[in-house]
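> one predicted model, sequence on top.
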Amino acid sequence: MKKQMLILFLITISALVDAQTAATKYANRFFKSYEDYIAGKPVEEATVASWKANSVEVKTKGAQEKVKISKLPYSWFVNEGGMLMRVFDGDLYYVVIDGPISYYIKSDEGTAGFASDGYHLHGKFTDSFPSDYYSETPNGKIAKLSGKKLGVYLKKYDLEKQYNKDPEFKREMRDCVQCWQSKKAHKKIKYIKLVNEKMK
């Protein structure tokens, strides 16, 4: 248990360092593929001037053009905060975890960013929280992550009991709706990372 917690801590620190690198080196840059992102090979001919959940202002040497998400020539970019973004089936997603099991939230449902303790996720409105999405590998089909599907992974990699009994994510009286939803999301992130470590 202590070894797993240390591994998870080191993974989180590593991810935050990588994110800082992405924020400084690749902020507002497009990538032709996930593999190009990993290799640090951004597109040279275009950058992201600004973006919304349904469109991106694409800046080239000669002009700046507003392009619908579904019409973007590239499916990957890093936003101004260093988060990797992915376009899939005309929708834009924050890539919260990229790995054997990748975890996303949809940009029109909420926001995601890096924090000193990992990630901060927020709903679009105070009384809402983004749904969970996943893919098998970063290039896989994105689908909703149900509790049943997460349970399959937890059971397969002997993490189900640990997940169900984890005291770190107990609901407290002072927790607001967003706070409690955030705790649940952080719990999923923690265990998806543990699953990914076991899948390597």
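Done, it's in.
> every contact and neighbour count from this point should use C-alpha atoms.
OK.
> for residue 32, what are its contacts?
Listed by C-alpha atoms under 8 Å, 6 or more residues apart in numbering, the contact set of residue 32 reads 42-43, 74-76.
> okay, the residues you listed in a markdown table with secondary structure next?
Formatted as a markdown table, the contacts of residue 32 follow (DSSP: H, G, I helix; E, B strand; the rest coil):
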| residue | secondary structure |
| --- | --- |
| 42 | coil |
| 43 | coil |
| 74 | coil |
| 75 | coil |
| 76 | strand |
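> most neighbours of all these, which one?
Counting neighbours by other C-alpha atoms under 10 Å, residue 76 leads those with 24 neighbours.
> for the residue nearest to it when sequence neighbours are not counted, which three-state class applies?
Of all residues not flanking residue 76 in the chain, residue 86 sits nearest, at 4.8 Å (C-alpha to C-alpha, 6 or more residues apart in numbering). Secondary structure, three-state DSSP: residue 86 is strand.
> what is the neighbour count of residue 37?
20.
> ok, now the one 3 residues further on?
Residues near residue 40, counting by other C-alpha under 10 Å, number 13.
> what are the ranges of the strands in the chain?
30-31, 47-51, 55-59, 64-68, 76-78, 84-88, 91-97, 101-106, 110-115, 118-123, 133-136, 143-144 (DSSP state E).
> alpha carbons of the fourth one, as PDB, please.
In this case it means strand 64-68. C-alpha atoms of strand 64-68 as PDB (Å, rounded to 0.1, in the frame of the first residue of the first chain):
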ATOM      1  CA  GLN A  64      -6.300  34.400 -38.300                       C
ATOM      2  CA  GLU A  65      -9.400  32.300 -38.900                       C
ATOM      3  CA  LYS A  66     -12.200  31.000 -36.700                       C
ATOM      4  CA  VAL A  67     -12.600  27.300 -37.300                       C
ATOM      5  CA  LYS A  68     -15.300  24.900 -35.900                       C
END
